Structure formats: structure tokens, C-alpha cells
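Peer 1: with the sequence up front, the predicted model follows.
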Protein chains: 2
Amino acid sequence: MTVISPSAELQRRARRVRRGALELAQCSDAQRAAALEAMAAALERHRDAIVAANTVDQEAAAREGLAVPLLARLKLNEAKLADCIHGLRQVATLPDPIGYRQLHWELAAGLELERVTVPVGVLGVVFESRPDAVIQIAALAIRSGNGAILKGGREALNTCQAVVTALQEGLASSAVDPNSLDLLTSREEIMALLRLDGLVDLIVPRGSNAFVRTVQDNTRIPVLGHADGVCHLYVDQRVRIDMAIAVALDAKIQYPAACNAIETLLVHRHVAGQFLPPAIQAFTAAGVTLRGDEQAMALGVPEAATPADWGQEYLDLILAVRVVEDLEAALEHIRRHGSRHTDVICTDDEAAAARFLNTVDSAGVFHNCSSRFADGFRYGLGAEVGISTQTMPPRGPVGLEGLVTYRYRLRGHGHTVAPFASGAEHFSHRDLQGA
Amino acid sequence: MTVISPSAELQRRARRVRRGALELAQCSDAQRAAALEAMAAALERHRDAIVAANTVDQEAAAREGLAVPLLARLKLNEAKLADCIHGLRQVATLPDPIGYRQLHWELAAGLELERVTVPVGVLGVVFESRPDAVIQIAALAIRSGNGAILKGGREALNTCQAVVTALQEGLASSAVDPNSLDLLTSREEIMALLRLDGLVDLIVPRGSNAFVRTVQDNTRIPVLGHADGVCHLYVDQRVRIDMAIAVALDAKIQYPAACNAIETLLVHRHVAGQFLPPAIQAFTAAGVTLRGDEQAMALGVPEAATPADWGQEYLDLILAVRVVEDLEAALEHIRRHGSRHTDVICTDDEAAAARFLNTVDSAGVFHNCSSRFADGFRYGLGAEVGISTQTMPPRGPVGLEGLVTYRYRLRGHGHTVAPFASGAEHFSHRDLQGA
């Protein structure tokens, strides 16, 4: 992609969203929840127009030969829209992530510090296809007090316009400034959006791994998202074979295209002879192609794995299998080939489990359960923005709290630093929380 | 700067630090605190060698004509080293930032989720001059369970080597792997260090604004730091003039080269006639050059401000002065020209203060106290890594907690997702904290 500077018009629009967002940040919990209800009601009122706009988009996409899976993701019929509206109303009921006082300290007599959660500011949301993501992200943004500049794919243009028109109409009947949401429609604007440092605070990309990586490589703004999900499951030597097979099978086949499905199975050499033959049978029966190292092949894995298979994200019914010397070798394999998403150990040895859970530096480390639990809904976070494999927080499944930051507020009575620097006055540093 | 790919040798060293850090992350609070004491004792043993190495660096720098302020920062004599060792021992006494359980939920019977703070991993620390920063950052890194790859300026090379040799010797007598710390010494390595994505988790730059910006522009790794500190003080219409003058004066002159000193004074037009004449007198007496807009000049500010003065970081005894229409105009000025570091309102009007503290989206928003309080030590955080003006956490003064992230741990008994997806089983989502 080429670097494109934001046009004066785009900067003007971004500043308008920013102003809207600053006012939105001051709305109460109840006002923001009511705004979501107004957005839901407006989507219901505009249902026919939205579905009609989506039909136009679908017909054009079909004429242009858009691939079938993309066509499916583009679809927003009455039933899917109803689901979106239901989801939007659920976001309204989630606990308010802003205004939470994280600390409250007295620095000196009459000088009080507090740290309070506040919205991030303005989100730049870029997505491929999926007009339903517009509704979900807009709901999360407004609920958390953030403005959002949305940019969808060209193929979903009519649908996105119909949706955003409805959402803005809903906001207009609420306490929230409708300018808190804006939709970009021209192709150039996606790259320009990534250059709006200072006006956009966080980029939320929704799309394929390649898409997310391209976004990450072209912006200085923090990006909330993940590029790879190379999850491992390690079967330790002391383990119930049946349990390990059931967990491994679920982790691979329950939804193989998900980022939290496993891609590589590591097996301790002492248990390989017992575990692999029935596991191979189960995976093969489930339609999974196995690719193994020499030892795994000796135990019945039909295809040979090449070095390129380690760390490969198949997102398909393919699984790499490696027999390892011991737990430490498994940890080393994950260190080298993992993507710090979610990794699992199956073992009945508590010490081995503790070593694994303490050592693997992934966002999720699991013991005796499927990697497929790595999900905001299953974790109980409510709606999720996505799953982040970044090291710094927010990481793992990110809910509303990933869209907030904090601010230090200090209140004094004319306090100056000079007397503290000279030693004439002293800090008390007293915790006032709960006091 | 040109992009330089990390050499095989650098990657090997970074992997060695990474392995050291993974073991360090499993050391207990007491072990890490003891390691800091061992580092302090080793610095004391190596005191003469460190001071001698610093003398060599200083002489070479003086011969090469290094600027006097840089020479001063390069200096590490016996007294300064003793301060550093004292600071290192203080870091040992700070509360442990890792192993803190942020949440503990039951997802379903026998399936428990917890979120626990863990070290970030490996820090890449780059700094200009200041060999004392090596000691401070190494202490913060080890205390928080992180490895660190350090890269100092060429002018401090001998000092840094003597310091790191001592620190590693100290670690060798502790439970912490001495390979958790490494020092890079060649010039090319600074840029290569910034390209170690996947091996280095967080870059901590210490140096001038231009230096920090260069680092930010040349890495995909998250950077903890700030480029600008353009702090504002706004004097509202209802205000005690004496208090406002005292606070403004302290905020400007107590240490003008600091990032938390104010650069622009905004004055409500209704109070300008009362406030500015005595304020101008006080600032002038303190040696501060004032540059004002037309209205400020009409009230006695001697020099004219140009548009370039708004948002300018002088780091010197210069202050821009602007008379504004009202609070909203002050907010708009800060929105346009601020750097989201720290901004202050002086007012006796609680509603105006609340509006300011809720609306200005800076890391610090202060009421009736000096911007100079924006500092990790004054806040009571103990040692600080630096002050971040980024939007996402950690922001503001960053202490040990800025060097940790978190990890989700999920423990089950063979739990699979399939029965939850089919509706055969249901999530309980019960909070176990405090239970």
C-alpha cells in the first residue's frame, strides 16, 4: 500500500468526530445505555432500507464474482440484522467500563490524586466485508464513550451507509452527539485513516490475518488485534489418554477456521506409544489430515511434516504432530513457533501443569481444557472487540475494558512543588481508597 | 536512520536474554528482591572500577568536545554512584507488581479462569549518555521480572560495561540468571535492537524528545515514553489571583527544563485585567520571558507571540500567554495545541473545574496545583520508568506496574467446547474472587 496523507476534508471530519467523542465521554452510564437503545430502535425502523441496500451490494458483488465465503459474510438479511440488534441491546446491559476509580491517594494535606478510567477517544475501525461488524463495533464504541470512524469494504458500501444513517438517526434522539460516529466511503481513505495520529487513538481492524498485518505495518497508532493464532496442545507423560484425545479433538475440529483452534500437537515420547494410535484413529475419523515428525510417523501418522509445518496456521482440518523429549522440549517448541495466543497442556501432573502455566508467555495458558474456550463470550466478558496477541494489555479476548484508558486527576488548594523540593513540606502518600 | 536487520549474533544474544527472562519470571518476590540487593552489593564492590571507567569516558568525551550539559549527564562519580545504589535498594522494597490476580471466575463447574499479572518479557532499553540510567532501569526490570537488553551511547561505553559487569556478577550470586541482562556496545546495534520484534516486547527510550521520536518512528515494538510535554495552565474567571500566580510561577520556574513545566498560560478575559499585571511582574522578576497575544500585550506582556508559540515546548524560561474568551475556548486551545501530558486549571468555580477535569484528555488533569507534581515519585509510585503521553495504558508517570502485563489461566478437567456450543451444557460465569 502507498502512504496517503489525510486530506483536509478527512481531517475536518476526524476533528468533528473527536469533538463529538469528547462530549460523549461526559455522558452518564444511563445516557450511553439509552443511546444504544435508541440505536437499536432506529435499526428496527430502518430494517427494510438496510436489507434492501444489502441486496444491492450482494447483487453487485455476485456480478463481480466475489468469492462465496465473502458473499456469505457480506449478507445482512432480516434474521442477521435482528441478531445484531439483539447483540446491541446486550452491550447496553454490560457494566460501564468508564469512571472506575483505580486509585485514590492523598499526596499531602489537601492534595488528592485519583486515577479514573476514561474512554480512549476515537477509534478507527477498518474491516473487510461484514457489515454486521459495523453495528457491533459502533455499539461497543458508544457504550465505552468512544467516537468511531468506520471504514468498511467497498463491496458493503450501500449496506454500511444505510446502517450508519440509522445509527446516527438513533443517536440524534439521544444525549449522544451523532457526530460521534462517521463512515468513510472512498477507497483512499482507508490508508489515510491510518495516518490520523493525534486524531484517532486506537485502530481496530476486523478481517483476515493478512489484512490485520497490513494495517499494523502502516500506522503509528496502536492497533488492537491479532495477526496469528498458532495454538499448541501438549500431551504430557502422566495423562488420561481418553481425556487428552477428547480435548485435542475439540480444540482442532470444533471450529477449525477459528484463531483459537490448535495447529500443532506435541506429545511426550513416553506417552506417544499409548496416545498416538487411538488419537490418530480419532482424528482420521473426524477428517483431519495429520502431518508428523519421524517418531510420529513410526506410530502411524501417515504424512511427513516439513520444518514449515511448525508454526503454520492452517485454519483447516490439518494438524502437525511432533513427539518431544519432555516438557522442556515442548516449552522450547512453543517459544520458537507459537504466536502467544493460547496454548494447552494435558496432564495429571500438577507440577508439570504449573511449570507450563508459569512459563508459556501466551495470552492464554490452559490446563486440561480446549483452546476453543479462549473467547470473550465464553470467558464471560460479554461482547468482544477481538482477541489480541500483543504482549501489552489489553491482550487475549478484549471486551469493553480494552476500549478504555485512565487519567490522573490531582486536586489541590494552591499547592506548589517548591516547598516539597526544599524539604519544607513532606509527602504523606496515604491511601484513601476505602477510607 | 537506516533500517538494519538484526545480525545472527544479536538474535542469538536476544534469545539468551529471553530464556533468562522466562526463568526470572518464575522467581519469587523474595528472590527478585534479594537479586537487587546482590546487584547493589556488587556495585559497591566494583565502585572504584566503575568510577575509573567513567573518568576514561569523560576524558575522551571532553577531548572530542562533547557539549557541557551532556558531559554533566555522563558523569558517574562516587557520590552519584552511591545515590544510584541507594535508589536500587529502594526499588527492592517496592511492592511486587507481578502475580497479582486481577480476576477469578468460574466459567462452568470445574472450569476456572484467572487473570494474573506477569512480566512483559524482555525490555529493549536505549539511552543517550546517562550511565546512571542503566542502574535504575536494570533495577526496575529485574524487580518486575523482566530481562533487559541495554544500549547506551558510545560516549558512556566504558562506564556502561563496568556497570553491567558488576550487575551481572551480582546476579550470578542470586537466584536470577545473569543472562537476564545484556549490554550492546556497537553503534549499529541500536537500530537492529528496534527490529527485534518477537524477542523484545517493549522499548524504553531515555533521552531527548528528538531521540524518543526517532525510536518511535523506527520500530513496531511498543514504545514506553513521551515525545512532547506541552503543558498548559488556564486561569479561570473566578479565581484567587495570588494562588493562581503562585501555582503558575511554580509550574514554570521550579524546573523549566522538565517535561511537566508549563509552556503556555491561558487567561479568561474577565480576569485578565486583574491577573496579568501582577503575574507579569512576578514572571519578569523570576527571569521569565513572556510572549503574548494582542490582548495580553495590551495588559503589559512585552513580546508578541506568533502562531508558532502555541504548542511550542520551550523547556526554558519562556512562557506563551493568551487571553481566551472563556473556559470552552481554553479547552479548544488545549485540544489543538496540547500534547496530552499534564494540564492545569486554577479556579474557585467547582463546575468549571469539573468540566476541565472531565474534558481535557491528557494523562494528568490538575485543579489548583502545579503541573510539576506530575512525577512518579511525587505521585507515590516509587521509582519511575518515565512519563508516557500515549493514550493507551500505561500513561502518565509509569512505575513498576507499567512493566507488567497479564495472562489468562484456565484450568479444567477435560472440558470441551462442543457441549456448550450445542446447548447441552451452560456457562455459570460466577465470580470467585473473595468467595
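Peer 2: All right, it came through fine. Note that this is a predicted model, so its numbers are computed, not measured. Numbers count the residues shown, from 1 in each chain, chains lettered A, B, ... in the order given.

Peer 1: tell me the strands beside the longest strand along chain A, with direction?
Peer 2: Using DSSP state E to define each element, chain A has its longest strand at strand A:404-415. With DSSP bridges as the test, strand A:404-415 is paired with strand A:111-119 (antiparallel), strand B:364-369 (parallel).

Peer 1: please state the offset of it from the chain centre?
Peer 2: 31 Å (CA atoms, centre = their mean, to the nearest Å).

Peer 1: in it, which residues are buried?
Peer 2: Residues A:Val404, A:Thr405, A:Tyr406, A:Arg407, A:Tyr408, A:Arg409, A:Leu410, A:Arg411, A:Gly412, A:Gly414, A:His415 are the ones in strand A:404-415 that count as buried (16 or more other CB atoms under 10 Å in any protein chain shown). C-beta: built from backbone N, CA, C; applies to glycine.

Peer 1: as a markdown table, these with pLDDT would be great.
Peer 2: Converted to a markdown table, the buried residues of strand A:404-415 look like this (pLDDT from 0 to 100):
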| residue | pLDDT |
| --- | --- |
| A:Val404 | 95 |
| A:Thr405 | 95 |
| A:Tyr406 | 95 |
| A:Arg407 | 96 |
| A:Tyr408 | 97 |
| A:Arg409 | 97 |
| A:Leu410 | 97 |
| A:Arg411 | 98 |
| A:Gly412 | 97 |
| A:Gly414 | 97 |
| A:His415 | 98 |
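
Peer 1: just name the closest of those to chain B, please.
Peer 2: A:Gly412 (3.0 Å; CB to the nearest CB).

Peer 1: so that closest one touches B:His367, yeah?
Peer 2: Yes: with contact defined as CB atoms under 8 Å, A:Gly412 and B:His367 form a contacting pair (6.9 Å).

Peer 1: enumerate every residue touching the residue in the stretch 251-400 of chain A that chain B sits nearest to.
Peer 2: Ranking the residues of the stretch 251-400 of chain A by distance to chain B (CB to the nearest CB) places A:Cys369 first, at 3.0 Å. Shown in contact with A:Cys369 (CB atoms under 8 Å, 6 or more residues apart in numbering or on different chains): A:Val247, A:Val344, B:Leu111, B:Leu410, B:Arg411, B:Gly412, B:His413, B:Gly414, B:His415, B:Thr416.

Peer 1: got the contact list for the helix or strand harbouring the first one?
Peer 2: Counting by DSSP states H and E, the secondary-structure element that holds A:Val247 is helix A:241-253. Defining contact as CB under 8 Å, 6+ apart, one finds that helix A:241-253 is touched by A:231, A:233, A:235, A:261-262, A:265, A:271, A:274-275, A:278-279, A:282-283, A:286-288, A:317, A:319, A:344, A:346, A:368-372, B:413-418.

Peer 1: just the buried members of those residues?
Peer 2: By 16+ other CB under 10 Å, the contacts of helix A:241-253 give A:231, A:233, A:235, A:261-262, A:265, A:271, A:274-275, A:279, A:282-283, A:288, A:317, A:319, A:344, A:346, A:368-372, B:414-418 as buried.

Peer 1: how about the strands of the stretch 301-435 of chain A, start to end?
Peer 2: Shown for the stretch 301-435 of chain A, the strands assigned by DSSP state E, counting those that start in this stretch span residues A:303-304, A:318-324, A:342-346, A:364-369, A:386-388, A:396-398, A:404-415, A:430-431.

Peer 1: just flag whichever of those strands has the lowest average confidence.
Peer 2: When these are compared on mean pLDDT, strand A:386-388 scores lowest, with a mean of 85.

Peer 1: so that one, near chain B or not?
Peer 2: No: Strand A:386-388 does not reach chain B (CB under 8 Å from any CB of the partner chain); its nearest approach is 10.5 Å.

Peer 1: what lines up beside that strand in the sheet?
Peer 2: Paired neighbours of strand A:386-388 in the sheet (DSSP bridges): strand A:396-398 (antiparallel).

Peer 1: after the helix or strand where A:Thr214 lies, which helix or strand is next?
Peer 2: For A:Thr214, the host element (DSSP H and E) is helix A:209-217. Tracing the chain C-terminally past helix A:209-217 and defining elements by DSSP H and E, one meets strand A:231-235 next.
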